[in-house]
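> Just need the structure, nothing else, for what follows:
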Amino acid sequence: MIGVLSGGIALFDWFAGKVSPAPPRPPANIDARIRSVKLRDRADPLGAYFREINVSTRGYSSYELAEQGYVFVVRVTIEGNQGNLLPLRWSVIDDATGRPLPGSIYHQSAVNFEPQGPRHSREWPVWVPHPPRKGTYRVRMTLVDEHRRPLSEADSPPLVQASNPAP
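Got it, this is the predicted structure:
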């Protein structure tokens with residue numbers, strides 16, 4: 001009797017495996033990397049950048065839209081992480097101290113990536129305002145997960161601000 005019962009259960013399990021879809025396999029790789037950070041422009045107006053990335057300029061003054069800043073091209077590659085929101089953040093770092101500049105103007109999110117396939121690669125332009133005083137700086141790009149934990153980080157080449165920006 002026990003043999004018949006265990007044989008029936010085994011047959012049922014085998015049959016269920018044939019008609020039930022298998023659970024989805026996890027991606028072969030889960031990775032998120034900033035591949036490169038390249039300086040593209042040294043004096044690009046904020047308004048021109050907004051037009052490039054198709055963002056409305058409504059609510060900004062002509063003075064704000066005329067502000068000059070750096071534009072970097074950031075290349076990211078994301079494997080797995082499908083459907084997860086991965087923000088790309090940036091910070092301006094003072095080379096003399098190795099510390100980020102204070103103030104939210106020098107720490108912002110540039111874009112949110114949400115991969116829809118197993119491999120996502122993209123270049124994205126990032127506008128950064130000029131630092132407030134002369135010196136040498138870097139811009140640190142950080143790709144973070146949905147909990148704001150860093151996944152990948154890369155610094156720009158050194159930027160020399162030769163004079164204080166115009167007020």
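> so where do the helices sit in the protein?
Ranges of helices within the chain are 2-19, 46-52, 62-66, based on DSSP state H.
> Show me the contact partners of stretch 154-167.
For stretch 154-167, contacts defined as Cβ atoms under 8 Å, 6 or more residues apart in numbering pick out 34-39, 68, 70, 72, 74, 93, 95, 130-141. Yep, even glycine has a C-beta here, placed from its N, CA and C like the rest.
> Please pick the buried ones from these.
34, 37, 68, 70, 72, 74, 93, 130-131, 135, 137-141 (16 or more other Cβ atoms under 10 Å).
> From those residues, pick the one nearest Leu151.
Ile34 (8.7 Å; Cβ to Cβ).
> list the contacts for that closest one?
Val74, Arg75, Val76, Leu88, Met141, Thr142, Leu143, Ser152, Glu153, Ala154.
> Specify the beta-bridge partners of the fifth one.
The reference is to Met141. On the basis of DSSP bridges, Met141 is bridged to Trp90, Ala154.
> distance of it from Arg58?
27 Å (Cβ to Cβ, to the nearest Å).
> cool, the last one as well?
When distance is defined by Cβ to Cβ, Ala154 is 33 Å away from Arg58.
> got it, and the first one?
In this structure, Val74 and Arg58 are 26 Å apart, going by Cβ to Cβ.
> follow-up on the earlier one: and the contacts of Ile34, which of them are buried?
Using 16+ other Cβ under 10 Å, the buried members of those are Val74, Arg75, Val76, Leu88, Met141, Thr142, Leu143, Ser152, Ala154.
> can you tell me which two in those residues are farthest apart?
Arg75 and Thr142 (14.4 Å).
> Show me the strands in the chain, by range?
31-45, 68-79, 86-94, 99-100, 107-113, 119-129, 135-144, 150-155, 159-161 (DSSP state E).
> Now do the most centrally placed residue in the chain, the pLDDT please.
Note on the chain: the residue nearest the mean C-alpha position is Leu88, at 2.4 Å, using Cα atoms, centre = their mean. If you check Leu88, the pLDDT there is 97.
> for it, what are its contacts?
Counting by Cβ under 8 Å, 6+ apart, Leu88 has contacts 34, 74, 76, 109-113, 124, 126, 141-144.
> want to throw these into TSV with distance to Ser62 and pLDDT?
TSV is the format used below for these (distance: Cβ to Cβ, whole Å; pLDDT from 0 to 100):
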residue	distance to Ser62	pLDDT
Ile34	34	96
Val74	28	98
Val76	33	95
Ser109	25	96
Ala110	23	96
Val111	25	95
Asn112	28	94
Phe113	31	92
Trp124	26	96
Val126	23	98
Met141	29	98
Thr142	32	97
Leu143	33	96
Val144	33	95
